[in-house]
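Participant: Show me how the following folds:
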Amino acid sequence: AARADLAAAERWFVEHGLPYFVDDYRAAVARGLRRARLLPVIAVASVLAIVAGVATGPWLGVASALGAALTVLGVVLAVYAVAVLRAWLIVGWAVRRTFRSLGLMIPLVTRALPLLLLFITFLFINAEVWQVAASLDGGVLWITVLLFAAIAVGFLLTRLPEELDSVDDEVEAQQLIDACAGTPLEPAARRIAARVDRVGAVDAEVGGLQKANLLLVLLVAQALQVLLLALAVFAFFIVFGVVAMAPEVVGTWTGGALHPIEGPLGGILDTRLSLELIRVSTFLAAFSGLYFTVYAVTDELYRRQFFSVVIRELERAVSARVAYRSLRDDEPA
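Facilitator: The predicted structure is shown next:
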């Protein structure tokens with residue numbers, strides 16, 4: 001029975017995007033982060049990136065070569081993170097939670113979206129923006145998007161640890177019972193609640209990779225929201241551009257002939273949907289993602305509404321860690 005309870009508890013942690021709270025998973029990830037295993041992966045990724053850059057450069061230029069190299073490097077490291085570091089468990093939880101909480105997300109996003117669209121729309125109908133963004137070839141535009149994404153992730157990594165400061169490592173008896181209610185850990189929580197009550201509180205011993213897991217949960221959840229908003233802005237400007245931007249005006253702004261994209265629908269799309277429109281929409285969507293990232297972390301009401309929900313889940317997991325550790329200690333050898 002104890003072994004079955006332990007397995008059920010570990011599944012509960014994994015299903016909630018916290019695989020590093022499970023001792024076996026955490027040990028496997030720690031092995032994957034050892035220098036002896038990590039350095040060869042980085043070396044292979046670097047070699048493949050250089051090969052991709054060298055192969056792309058003569059055909060598409062230096063910017064495209066750099067973009068291809070960075071993409072290959074990121075893909076190889078991402079594959080290693082998914083396969084060895086169990087990142088797919090965290091991302092999978094974040095995706096499921098994002099789509100389950102769309103009802104909460106929509107009113108939060110609509111607080112930022114009107115002002116954002118008002119500001120970005122003025123950029124969209126600005127000739128200088130079209131001249132700059134439409135002149136970006138595929139490689140330069142991709143590097144620009146990666147730069148915006150890197151700045152956004154860097155900003156989140158500096159600000160999100162502040163949200164974790166409210167997660168208390170000291171767990172009291174009633175807090176432990178409430179956190180484990182309705183979970184496979186509830187029986188163990190009730191058994192150890194009396195002991196916890198006698199000592200006042202117990203340390204959940206959450207640190208290292210477990211702290212990193214909490215931070216990754218916040219990071220991925222926020223990044224998915226930013227991605228959805230950026231895609232919505234991209235779709236808005238594609239539709240707005242097709243409807244409102246005459247090819248003659250766009251051609252005047254860009255100082256050259258347009259490159260229309262012919263599609264199966266024909267008609268207005270064949271004359272107004274152009275490569276230049278896609279480039280400008282992509283550029284402004286990436287910029288909007290960066291803007292929303294800063295807004296989401298600095299706006300007090302948004303932080304209170306969005307992060308309070310996630311933080312409560314993380315506090316529950318930290319408390320559940322006490323019951324899980326008790327199950328591990330009681331497991332027969």
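Participant: Give me the buried stretch members for stretch 216-236, please.
Facilitator: Across stretch 216-236, burial judged by 16 or more other CB atoms under 10 Å covers 216-226, 228-230, 233-234, 236. Every residue, glycine included, has its C-beta placed from N, CA and C.
Participant: chain center to it: distance?
Facilitator: 7 Å (CA atoms, centre = their mean, to the nearest Å).
Participant: now what about it, what contacts it?
Facilitator: 17-18, 87, 90-91, 93-95, 97-98, 105, 109, 112-113, 116-117, 120, 152-153, 156-157, 160, 163-164, 281-282, 284-286, 288-289, 292-293, 296-297, 306-307, 310, 314 (CB atoms under 8 Å, 6 or more residues apart in numbering).
Participant: which helix in this protein runs the most residues?
Facilitator: Across the chain, the longest stretch assigned as helix under DSSP state H is helix 209-244.
Participant: List only those of the contacts of stretch 216-236 flagged as buried.
Facilitator: 17-18, 87, 90-91, 93-94, 97-98, 105, 109, 112-113, 116-117, 120, 152, 156, 160, 163-164, 281-282, 284-286, 288-289, 292-293, 296-297, 306-307, 310, 314.
Participant: what mean pLDDT would you report for the longest helix of the chain?
Facilitator: Averaging pLDDT along helix 209-244 yields 87.
Participant: just stretch 32-49 next, same as before
Facilitator: On average, stretch 32-49 scores 92.
Participant: buried ones in that stretch?
Facilitator: 32, 41, 45, 49.
Participant: element containing the second one, please.
Facilitator: Just to be clear, that refers to Val41. Using DSSP states H and E, Val41 falls within helix 35-60.
Participant: What is the burial count for Glu128?
Facilitator: 9 (other CB atoms under 10 Å).
Participant: distance of it from Phe122?
Facilitator: Glu128 sits at a distance of 12 Å from Phe122 (criterion: CB to CB, to the nearest Å).
Participant: all strands for the stretch 51-200 of the chain, in order.
Facilitator: 170-171 (DSSP state E, counting those that start in this stretch).
Participant: So which of the buried ones among the contacts of stretch 216-236 are in helices?
Facilitator: Short answer: those in helices (DSSP H) are 87, 90-91, 93-94, 97-98, 105, 109, 112-113, 116-117, 120, 152, 156, 160, 163-164, 281-282, 284-286, 288-289, 292-293, 296-297, 310, 314.
Participant: Quick check: Leu160 touching Arg303?
Facilitator: No. Contact between Leu160 and Arg303 fails when scored by CB atoms under 8 Å: they sit 10.5 Å apart.
Participant: which neighbours do the two share?
Facilitator: Contacts common to Leu160 and Arg303, judged by CB under 8 Å, 6+ apart, are Val297.
Participant: how about low-confidence regions in the stretch 151-300 of the chain?
Facilitator: Applying pLDDT under 70 to the stretch 151-300 of the chain flags residues 166-170, 194-205, 257-258, 260, 262-271.
Participant: burial measure for Arg137, as a count.
Facilitator: One thing to correct before we go on: residue 137 is Asp, not Arg. So Asp137, with other CB under 10 Å, has 14 neighbours.
Participant: In contact with the residue lying closest to it once chain neighbours are set aside, which residues?
Facilitator: Spatially, and ignoring its direct neighbours in sequence, Asp137 is nearest to Ala63 (6.6 Å; CB to CB, 6 or more residues apart in numbering). The contact partners of Ala63, taken as CB under 8 Å, 6+ apart, are 137, 139-140, 143.
Participant: Of those residues, keep whichever come out buried.
Facilitator: Applying 16+ other CB under 10 Å to the contacts of Ala63 flags 139-140, 143 as buried.
Participant: I'm done for today, thanks for sticking with me.
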